[in-house]
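A.B. asks: need the 3D shape of this:
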Amino acid sequence: MRLEVLDFEGQTRWRFRLTDPGGAFLADQLVELDRGEWQFEAFTDLRGYLRWNAVPDRRLEHETELVGGVGEWIAARVLGDIAAVLARQRRAVRLELPPEAVVLGFLPWELARVDGRTLAEQRVSVIVDQLPRREVAKEPVGARLRMLAVFSLPDGTGALNLRRERYELARLVQRIAKVRSKAIDAGVAVRRHPPAAAGGAAGAAGVGSDAPVWARSGGWGWCWKMMPAGAI
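C.D. replies: Here you go, the predicted structure:
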């Protein structure tokens, strides 16, 4: 489905139009919001709002109540009839944003509640599509392709706990290689790092045979080199 943002005048006024994959009209909504409503503040900065407004001695419970209230407000005041249509369709929707409406791409749309359940719980995913689309230049793969698989593990967990996952992934890669007439050179290409080395985030540094991969609590992974059969 396609959800267009039209006639955008700012964070408090624009128009939505929802169409199906074939372009048929499904619903529309004129959005007019009041900055004075607490839900507007929470909608535009949910993390900050919860941090400063949730009651400390019952924070988790109060945060749940606040998020629920924001979700009801999003469905009623922002999405309108579109929320019910999305809940019925139970599929992904592409939110198309013109350049001036880029701020709408950072809002928690999937928290909208329909019949007591969020859109996320009803399998509705909002995919942000920033317009105009820019073509991304890609370098050709060439004769060699490297594939890196990363497994994140909590502290105190052994890498052998992921034996089944590694085995299944290796089998999948081998099947792909057989279909594509490629040979596989597989091996462990990851070292475990302490949490401090990760800087509190997950990521990877390079994809070479000796490139470390790290996660918040350390991680393990495998690296494959795929190349034409007979090359190794």
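
A.B. asks: could you export the helix ranked longest in the chain as CSV, CA atoms only?
C.D. replies: Longest helix of the chain, by residue count under DSSP state H: helix 163-179. Extracted C-alpha coordinates of helix 163-179, given in CSV (Å, rounded to 0.1, in the frame of the first residue of the first chain):
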residue,chain,number,x,y,z
ARG,A,163,26.0,-24.2,16.6
ARG,A,164,22.7,-25.0,15.0
GLU,A,165,22.4,-21.5,13.6
ARG,A,166,25.9,-21.6,12.1
TYR,A,167,25.3,-25.0,10.7
GLU,A,168,22.1,-24.1,9.0
LEU,A,169,23.6,-20.9,7.6
ALA,A,170,26.6,-22.7,6.2
ARG,A,171,24.2,-25.3,4.5
LEU,A,172,22.2,-22.4,3.0
VAL,A,173,25.4,-20.8,1.6
GLN,A,174,26.6,-24.1,0.2
ARG,A,175,23.3,-24.7,-1.6
ILE,A,176,23.4,-21.2,-3.1
ALA,A,177,26.9,-21.7,-4.2
LYS,A,178,26.1,-25.1,-5.8
VAL,A,179,23.2,-23.5,-7.8
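
A.B. asks: does anything pack onto that helix? Which helices or strands?
C.D. replies: When contacts are defined as 3 or more CB pairs under 8 Å, 6 or more residues apart in numbering; DSSP states H and E, helix 163-179 packs onto strand 145-152, strand 182-188, strand 219-228. Glycine gets a C-beta too; all of them are placed from N, C-alpha and C.

A.B. asks: what mean pLDDT does the second one have?
C.D. replies: Which is strand 182-188. Per-region confidence: strand 182-188 scores 52 on mean pLDDT.

A.B. asks: same check, this time on the last one
C.D. replies: pLDDT averaged over strand 219-228 equals 48, rounded to a whole number.

A.B. asks: in this protein, which helix or strand is least confident?
C.D. replies: strand 213-214 (a mean of 34; mean pLDDT, DSSP states H and E).

A.B. asks: residues touching Cys113, list them.
C.D. replies: Small correction: residue 113 is Arg, not Cys. The contact partners of Arg113, by CB atoms under 8 Å, 6 or more residues apart in numbering, come to Gly68, Gly71, Glu72, Ile74, Ala75, Leu119.
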